[in-house]
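> mind looking at a prediction? Sequence and model below.
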Amino acid sequence: MASQYLGTEERYAVFPFYLCLDVSQSMAGPPIDEVNAELPQLRASVGQDPAVAEVIRFGIVTFSDVARTILGLADLALVQSMPRVEVEGRTSYASAFEHLRRVIEADYHAGRAAGERWYRPAVLFVSDGRPTDPEERWLEAHRRLVDPAWRRHPNILAFGFGEAVPEILATVAENKPNRAYVAAAGAAPSAVVPELMAGLVQSIVSSSASAYTGAPQLVPPQLPNMQAIPVDELE
Amino acid sequence: MSPGWAGPTWGEPSPATDAPVPVRARACAPVANYRADGGQSADFVVLAASVAGAAHRLVGRRCEDSYAWVRPGPGRLGLIVADGVSTAGRGGEGADLAVGAAARYVSGCGDWDELACRAAARRASDELSSAIAVPAPGTAAALSTTFVVALVTARTVGVDGADEDDRAGGRGVGGGDGGADVVLGRVGDSTAFRLAEGVWQELFLPPDNDDLRHTATDVLPFSNQGDGDATRVETGSAHLPRGAAIVLLTDGIADPLRDGPATVAPALAELLRAGPSGRLSPLSLAAAADFSRRGCQDDRTILAAWPRPPG
């Protein structure tokens, strides 16, 4: 019979979400404009719902040649305005994955120090292109990000449009069912991005609800103009 | 909940508790979002409260926790709590079925030992499987629920009314010190604590305190009808000294209790201090269980019992 006294620290449950957004040159024009138009709506939808904002923490990482944190992990109810996203250079998935691992680790320890108890973090990965860095480099960075031995490894939902490659997105999402999505053939980015952003809100809200009711999970969105990338089932 | 509805604030307040509660389209007593009960006998005091969390109340859903107790004879008290899995679809119904089946089994069970706890879980699992097999084979997971049972034997009264000497041997019951012995079993993250002199002691392995919050839990029904899954039932035993309580909790209270050692834990302990004397009412317990705390919006159920000293 195990018996254990309670700890000594006050803790509060937190469900961290990281939007990891491709800002390479190919995102210039309508895609990036739509992102900038939709981010305030995401803040309003998540931040103004008290039942959701209580537990969700949201951060934005962009990546091109380098990755940056443009919104540190935050309670969206306390965020006054969302940052604007600017297009930059190429599409380094490795930079994104390496940066995410560093950021998640740092945020986790900062959260612990502030009395947070984390649910497994979620990464919402959005790209319109294929990685421009060597395959072995981004694969190694990805392997380190999702390494089960790293206890903070996130769950990843991957979304692609434009020149994004379904097989690569599936790899980013660890080939898990209903974790990778690609825009339907012929769908214009200007139509896909607003739907995608709305879907992200839906995913965050549904995931937060699942956390409150005892069975926390990363809930995929419903995206009429995107389709789940099928993955093989292992025996 | 709506201003004036909420219980005490323990820790940082939950903004969600300020939102008005919508009227559900349908409601009836068996699925009430506020439930409280209790009683006192010569050998036990029992208090129970179950309240829907803000997450369910704000979207018009029922409380998906359930509880039951049975007192089949002097000196014996069976306690059962279940927490239906919301995402399963019919988790609340599953919790009700599970505690009902387990209560029926415990009422007629002769030996109160860990095997009885395993058997109670099996009966609950079978009830879920059979309940859904006819309309939709293979979808028993819709009724998924956690489950915890505690079988309490007072040290003041014999199992069958006999005196202490008559019931020695085989039942693990010692002298009449005014306390009780408890055997426990559970599937999933509902849990049991012993509360003695204001100190909480969890009677199952608590979640890892050093890393991420757990995001999955074991549930009933078992995946097959055989006995193999009975190994998934965690079991244990404990002694309740005189004045101590056995407290069964769903994770809606257990998590903030663990996370709130300076707020929830001492406040709830202080409240329950009045339990053995009968000065704590079920309604007061339910009101307290509806406490406000940031990030805590799950359904909450507490089922507490104190063995009463002789005389």
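Here it is on my side, so go on.
> and A:Glu88, that one's in a strand?
No: using DSSP: H, G, I helix; E, B strand; the rest coil, the secondary structure at A:Glu88 is coil, not a strand.
> do you know how far the closest residue to it other than its chain neighbours is from chain B?
Leaving aside its chain neighbours, A:Glu88 sits nearest to A:Ser64 (3.6 Å; criterion: Cβ to Cβ, 6 or more residues apart in numbering or on different chains). All C-beta atoms are positioned from the backbone trio N, CA, C, and that covers glycine. Here the criterion is Cβ to the nearest Cβ, to the nearest Å. By it, A:Ser64 lies 30 Å from chain B.
> hang on, isn't A:Ser64 packed against A:Cys20?
No: assessed by Cβ atoms under 8 Å, A:Ser64 is found out of contact with A:Cys20, at 12.0 Å.
> ok, those two, which is more surrounded?
More neighbours surround A:Cys20 than the other of A:Ser64 and A:Cys20, with 26 against 23 (other Cβ atoms under 10 Å in any protein chain shown).
> can you verify my assumption that that one contacts A:Arg101?
No: the pair A:Cys20 and A:Arg101 fails to qualify as a contact (Cβ under 8 Å) at a distance of 11.4 Å.
> next SSE after the helix ranked longest in chain A?
Ranked by number of residues, the top helix in chain A under DSSP state H is helix A:189-212. Per DSSP states H and E, the first helix or strand lying C-terminal to helix A:189-212 is strand A:226-228.
> from the chain's centroid, how far away is that next one?
Averaging C-alpha positions (Cα atoms, centre = their mean, to the nearest Å) puts strand A:226-228 17 Å from its chain's average.
> which strands and helices sit next to it?
For strand A:226-228, the elements it packs on are strand A:180-183, helix A:189-212, judged by 3 or more Cβ pairs under 8 Å, 6 or more residues apart in numbering or on different chains; DSSP states H and E.
> swap in 10 Å and give it another go.
Helices and strands touching strand A:226-228, by 3 or more Cβ pairs under 10 Å, 6 or more residues apart in numbering or on different chains; DSSP states H and E, are helix A:166-172, strand A:180-183, helix A:189-212.
> does any part of the last one sit near chain B?
It stands for helix A:189-212. Yes: Helix A:189-212 reaches chain B (Cβ under 10 Å from any Cβ of the partner chain) through A:206, A:208-212.
> can I get those in a markdown table with neighbour count?
Output for the residues of helix A:189-212 next to chain B, formatted as a markdown table (neighbours: other Cβ atoms under 10 Å in any protein chain shown):
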| residue | neighbour count |
| --- | --- |
| A:Ser206 | 18 |
| A:Ser208 | 26 |
| A:Ala209 | 22 |
| A:Ser210 | 21 |
| A:Ala211 | 26 |
| A:Tyr212 | 27 |
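> count the neighbours of B:Gly7 for me.
19.
> tell me the secondary structure for it?
coil.
> look up phi and psi at it.
Per-residue torsions, B:Gly7: phi -80, psi -160 (degrees, to the nearest 10).
> quick one, helices of the stretch 1-150 of chain B?
In chain order, the stretch 1-150 of chain B shows helices spanning B:54-58, B:91-107, B:114-133, with DSSP state H, counting those that start in this stretch as the criterion.
> ok so, going back, which residues do A:Cys20 and A:Arg101 both contact?
Where contact means Cβ atoms under 10 Å, 6 or more residues apart in numbering or on different chains, the residues bridging A:Cys20 and A:Arg101 through contact with each are A:Pro154.
> got a list of what A:Ala180 touches?
For A:Ala180, the contacting residues are A:125, A:156-160, A:164, A:166-174, A:220, A:226-231, taking Cβ under 10 Å, 6+ apart as the criterion.
> pLDDT at B:Asp227, what is it?
If you check B:Asp227, the pLDDT there is 53.
> returning to what we had before: closest to chain B out of the residues of helix A:189-212 next to chain B?
In terms of Cβ to the nearest Cβ, no member of the residues of helix A:189-212 next to chain B lies closer to chain B than A:Tyr212, at 3.6 Å.
> and B:Val182, what are its bridge partners?
B:Val152, B:Ala238 (DSSP bridges).
> what about it, distance to B:Val247?
Taking Cβ to Cβ, to the nearest Å as the measure, B:Val182 falls 11 Å from B:Val247.
> on that earlier part again, quick check: buried residues in the longest helix of chain A?
By neighbour count, with 16 or more other Cβ atoms under 10 Å in any protein chain shown as the criterion, the buried positions of helix A:189-212 are A:189, A:192-212.
> same question for stretch A:161-171.
Along stretch A:161-171, these residues count as buried under the neighbour rule (16+ other Cβ under 10 Å): A:161-162, A:164, A:166, A:168-171.
> okay, those in TSV with distance to chain B and pLDDT next?
TSV is the format used below for those (distance: Cβ to the nearest Cβ, whole Å; pLDDT from 0 to 100):
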residue	distance to chain B	pLDDT
A:Phe161	29	88
A:Gly162	33	88
A:Ala164	28	90
A:Pro166	27	92
A:Ile168	27	95
A:Leu169	23	94
A:Ala170	22	93
A:Thr171	23	95
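> B:Gly7: which of the helices of the stretch 1-150 of chain B is closest?
Taking Cβ to Cβ as the criterion, helix B:54-58 is the member of these that comes nearest to B:Gly7, at 11.2 Å.
> all strands for chain B, in order.
When assigned using DSSP state E, the strands of chain B occupy the ranges B:34-40, B:44-51, B:65-73, B:76-83, B:147-154, B:180-187, B:191-196, B:199-202, B:234-240, B:245-249, B:300-307.
> including mean neighbour count, could the ones you listed go into a markdown table?
Conversion of these to a markdown table gives the following (neighbours: other Cβ under 10 Å):
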| stretch | mean neighbour count |
| --- | --- |
| strand B:34-40 | 17 |
| strand B:44-51 | 24 |
| strand B:65-73 | 22 |
| strand B:76-83 | 30 |
| strand B:147-154 | 28 |
| strand B:180-187 | 25 |
| strand B:191-196 | 23 |
| strand B:199-202 | 18 |
| strand B:234-240 | 19 |
| strand B:245-249 | 26 |
| strand B:300-307 | 28 |
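> which of the helices and strands packed on strand A:226-228 has the lowest average pLDDT?
Mean pLDDT values for those show the minimum at helix A:189-212, a mean of 81.
> next one: it to chain centre, how far?
In terms of Cα atoms, centre = their mean, the gap separating the centre of helix A:189-212 from the centre of its chain is 11 Å.
> just list what the lowest-mean-pLDDT helix or strand in chain B packs against, helices and strands only.
Using mean pLDDT, DSSP states H and E, the weakest-scoring helix or strand in chain B turns out to be helix B:54-58, at a mean of 85. With contacts defined as 3+ Cβ pairs under 10 Å, 6+ apart, helix B:54-58 has these neighbours: helix A:50-53, helix A:189-212.
> okay, and the beta partners of B:Phe193?
B:Phe193 forms beta bridges with B:Glu202, B:Val247, as assigned by DSSP bridges.
> please name the nearest non-neighbouring residue to B:Arg273.
Using Cβ to Cβ, 6+ apart and skipping residues adjacent in sequence, the residue nearest B:Arg273 is B:Gly198, 7.0 Å away.
> center of chain A, which residue is that?
Computing the C-alpha centroid of chain A and ranking residues by Cα atoms, centre = their mean puts A:Leu124 first, at 2.0 Å.
> okay, now the unreliable bits of chain A?
Along chain A, the model assigns pLDDT under 70 to residues A:1-7, A:212-216, A:225, A:230-235.
> so where do the strands sit in it?
So, for chain A - with DSSP E - the strands run A:4-5, A:12-22, A:56-63, A:67-74, A:116-118, A:122-127, A:155-160, A:180-183, A:226-228.
> same list, the ones you listed, but as JSON lines with distance to B:Ala55 please.
Formatted as JSON lines, the entries for the strands of chain A read as follows, by distance: least, Cβ to Cβ, whole Å:
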{"stretch": "strand A:4-5", "distance to B:Ala55": "28"}
{"stretch": "strand A:12-22", "distance to B:Ala55": "12"}
{"stretch": "strand A:56-63", "distance to B:Ala55": "13"}
{"stretch": "strand A:67-74", "distance to B:Ala55": "22"}
{"stretch": "strand A:116-118", "distance to B:Ala55": "17"}
{"stretch": "strand A:122-127", "distance to B:Ala55": "18"}
{"stretch": "strand A:155-160", "distance to B:Ala55": "21"}
{"stretch": "strand A:180-183", "distance to B:Ala55": "27"}
{"stretch": "strand A:226-228", "distance to B:Ala55": "27"}
